[in-house]
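Trainee: sharing a model that was predicted from the sequence below.
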There are 2 protein chains.
Amino acid sequence: MLTFKQFMEQSSKIVNDEMGGLVSSLRAPEKLKESMIYSLQGGGKRIRPLLLFATLHAFNKEINIGVRPACAVEMIHTYSLIHDDLPCMDDDDLRRGQPTNHKVYGEDMAVLAGDALLTYAFQIISEMNEVVVSDAIKIQLIRELSIAAGPEGMVAGQVADMEGERKSLSGEELQSIHERKTGKMLMFPVIAGAILSNATSEHLSHLTQFAWKLGIAFQIQDDILDVIGNVDLIGKPVGSDIENDKTTYVKLYGVTGAKEKLQQFISEAKQHIVSCGLRDDMLLSICDFVGNRNF
Amino acid sequence: MLTFKQFMEQSSKIVNDEMGGLVSSLRAPEKLKESMIYSLQGGGKRIRPLLLFATLHAFNKEINIGVRPACAVEMIHTYSLIHDDLPCMDDDDLRRGQPTNHKVYGEDMAVLAGDALLTYAFQIISEMNEVVVSDAIKIQLIRELSIAAGPEGMVAGQVADMEGERKSLSGEELQSIHERKTGKMLMFPVIAGAILSNATSEHLSHLTQFAWKLGIAFQIQDDILDVIGNVDLIGKPVGSDIENDKTTYVKLYGVTGAKEKLQQFISEAKQHIVSCGLRDDMLLSICDFVGNRNF
């Protein structure tokens, strides 16, 4: 029986190893592979793979059937960070305490490494072992992932975020941006885990609600950490939201109000897990992890 | 019975209408949709959709089963042009005689419009009507398209092209760049048409060879047009290869030598079509079109 910490470490290791292998084995220019691997191994929290594996665990499924979609969502998350950091976007020099991709490999290579990761994410799902996962399931995974990442999902959120900069947004508008920019990509792994487990529509409905609440909680905590976080733990400068005059949960509700909202969303997320009646240890631990994280 | 010209116009119209509808119906920020549509409707030759429809025609199949993959390959082709034109890449202000995407919508939106088109391409294949196309076929299409466009295909070719700039390349190196940068994305529609027609492996083999030869011919003609082309017909400045000291077929073999090579590849491409024993009128006409095009 693994503790949550062990489960989390195992998840990260599996995904890191698999992604490293998948990119290393490509017959592609070395510099391109280096640039892709540099950002993939940048040491993220791997919260998306963790959510996918924890959902499979809730259904008593082997986590190995989820490795490819876990890598795919992490590759897409990573590509979005590379493109976000570009001078023409957020113009960031540091990411998780390391120089950003374009600072090391140049802007042209950073654009292409991002494009390559996005494309490869769909390829690795299409190439999953058909004995383990049917074509029907692969298509569902690709559909959900493309919706989460594409022009109605993450990209839409990015555009809305850009358009909302230096504007005063309402709580509703802020939530709508986050739902698309980060929410859907946090919901995908839970939905993917449910699809791989042949979940009933009732299970799927609770799990989707859980993931949605968790995603908002995740973002509220991000906003709080930008104000009261420790720069060494977060790996990026704090206070950048205030400097950029960005609408955040803290700006709208204050630190105390935002913390209350955070706890409310975490508690509602937990209720959905409990209502599912599944093996709930890991998913509940993720709620606590998101509610209490300091990096 | 349609003439080749009518077939080509019909293909373009079907794909333009479908792509317009697919993007317009997105629940996405208006500016993002505008930016995507601006580049999609930029008036390309639509050679990739044409190849897909002509392959279906060769198998006596209805071309409507190929509309989604035809749109997908054209969306990916378009995204690659948007990202290619960025200041950090080729830094082009004009594309087909019109201001490039980032000149109109800004660099940040151009990056995101490209990302959105790439992601949406996979979504629209995954959402094809399952009564008409099985999940097994959709997965094959997604796999082939991601390979053609990704880190072993178009993106690899882009990187190799960047790395080869201002270097003297051999004919073999030049061919290897083109195979990846443009060749695989020209082969995809032919392979897709064959997959959708349940082609035998012998048919597939001939068609793949045909598309490969045609792709090289296409590139040779591009290099020739850069030297002797008409700027008004091509819609971009001629002579840019010489100015950038790029290795091209013309630089390696001279205009006459390149023209000979072009005719040789076209003739070999035609032989593969004839050997197939399929309905060959449209595919042969495409060979003549590529061999003689002046834009």
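Mentor: Good, I have the coordinates.

Trainee: neighbours around residue A:166, how many?
Mentor: Residue A:166: 9 surrounding residues under other Cβ atoms under 10 Å in any protein chain shown. Any C-beta I mention is one placed from the backbone N, CA and C, and that applies to glycine too.

Trainee: tell me the contacts of it?
Mentor: Residue A:166 is in contact with A:244, A:245, A:246, counting by Cβ atoms under 8 Å, 6 or more residues apart in numbering or on different chains.

Trainee: residue A:69 now?
Mentor: Neighbour list for residue A:69: A:52, A:125, A:141, A:145, A:189, A:192, A:196 [criterion: Cβ under 8 Å, 6+ apart].

Trainee: nearest residue to the first one in space, please, no chain neighbours.
Mentor: What that stands for is residue A:52. Using Cβ to Cβ, 6 or more residues apart in numbering or on different chains and skipping the chain neighbours, the partner closest in space to residue A:52 is residue A:189 (3.6 Å).

Trainee: residue A:52 against residue A:194, yeah?
Mentor: No: applying Cβ atoms under 8 Å, one finds residue A:52 not in contact with residue A:194, separated by 9.8 Å.

Trainee: enumerate the residues of the stretch 151-295 of chain A near chain B.
Mentor: A:151, A:152, A:155, A:156, A:158, A:159, A:160, A:162, A:163 (Cβ under 8 Å from any Cβ of the partner chain).

Trainee: quickly find the element holding the second one.
Mentor: Under the assignment given by DSSP states H and E, residue A:152 is not contained in any helix or strand.

Trainee: same thing with the fourth one?
Mentor: Here residue A:156 sits within helix A:154-164, counting by DSSP H and E.

Trainee: for that helix, packing partners?
Mentor: helix A:67-85, helix A:171-178, helix A:184-196, helix B:30-40, helix B:107-126 (3 or more Cβ pairs under 8 Å, 6 or more residues apart in numbering or on different chains; DSSP states H and E).

Trainee: in chain A, what secondary structure element scores lowest on mean pLDDT?
Mentor: helix A:231-234 (a mean of 65; mean pLDDT, DSSP states H and E).

Trainee: ok, back up a step: compare residue A:52 and residue A:194 and say which is more crowded by neighbours.
Mentor: residue A:52 (31 against 27).

Trainee: can you report how many residues lie near the residue nearest to residue A:52?
Mentor: Neighbourhood size, residue A:189 [other Cβ under 10 Å]: 29.

Trainee: and the gap between it and residue A:58?
Mentor: The gap separating residue A:189 from residue A:58 is 12 Å, by Cβ to Cβ, to the nearest Å.

Trainee: same thing with residue A:263?
Mentor: As for residue A:263, its distance to residue A:58 is 23 Å (criterion: Cβ to Cβ).

Trainee: more neighbours: which of the two?
Mentor: Using other Cβ under 10 Å, the more surrounded residue of residue A:263 and residue A:58 is residue A:58, with 25 against 13.

Trainee: pretty sure residue A:161 contacts residue A:176?
Mentor: No: the criterion here is Cβ under 8 Å, and residue A:161 misses it with residue A:176 at 10.5 Å.

Trainee: which of the two has more neighbours?
Mentor: The neighbour count for residue A:161 versus residue A:176, taken as other Cβ under 10 Å, is higher for residue A:161 (20 against 17).

Trainee: wait, what's in contact with that one?
Mentor: Neighbours of residue A:161 in contact, by Cβ under 8 Å, 6+ apart: A:177, A:181.

Trainee: ok now whichever strand or helix holds residue A:203, how far from the chain's centre?
Mentor: Following DSSP H and E, one finds residue A:203 within helix A:201-228. Relative to its parent chain, helix A:201-228 has a centroid offset of 11 Å by Cα atoms, centre = their mean, to the nearest Å.

Trainee: by how many degrees do it and helix A:171-178 diverge?
Mentor: Orientation check (axes from the mean of the first three to the mean of the last three Cα atoms, to 10 degrees): helix A:201-228 against helix A:171-178 gives 110 degrees.

Trainee: between helix A:184-196 and helix A:201-228, find me the angle.
Mentor: 150 degrees.

Trainee: low-confidence ranges, the stretch 101-250 of chain A, go.
Mentor: A:231-238 (pLDDT under 70).

Trainee: how about the residue of the stretch 151-295 of chain A found nearest chain B, what does it touch?
Mentor: Residue nearest to chain B within the stretch 151-295 of chain A: residue A:151 (3.9 Å; Cβ to the nearest Cβ). Residues in contact with residue A:151 (Cβ under 8 Å, 6+ apart) are B:23, B:26, B:28, B:32, B:33, B:36, B:116, B:119, B:120.

Trainee: give me the neighbour count for the first one.
Mentor: When neighbours are defined as other Cβ under 10 Å, residue B:23 has 24 of them.

Trainee: the fourth one too?
Mentor: Residues lying near residue B:32 (other Cβ under 10 Å) number 26.

Trainee: how about the contacts made by it?
Mentor: Residues in contact with residue B:32 (Cβ under 8 Å, 6+ apart) are A:151, A:155, A:156, A:159, B:109, B:112, B:113, B:116.

Trainee: from those, pick the one nearest residue B:221.
Mentor: residue B:113 (28.7 Å; Cβ to Cβ).

Trainee: quick check: the residue nearest to that closest one when sequence neighbours are not counted vs residue B:285, distance?
Mentor: Excluding the flanking residues, the one nearest residue B:113 by Cβ to Cβ, 6+ apart is residue B:35, at 4.0 Å. Going from residue B:35 to residue B:285 by Cβ to Cβ gives 34 Å.

Trainee: from residue B:273, how far off is residue A:216?
Mentor: For residue A:216 relative to residue B:273 (Cβ to Cβ), the value is 57 Å.

Trainee: next: residue A:144.
Mentor: 40 Å.

Trainee: got it, and residue A:105?
Mentor: According to Cβ to Cβ, residue A:105 and residue B:273 sit 42 Å apart.

Trainee: do residue A:9 as well
Mentor: In terms of Cβ to Cβ, residue A:9 sits 57 Å off from residue B:273.
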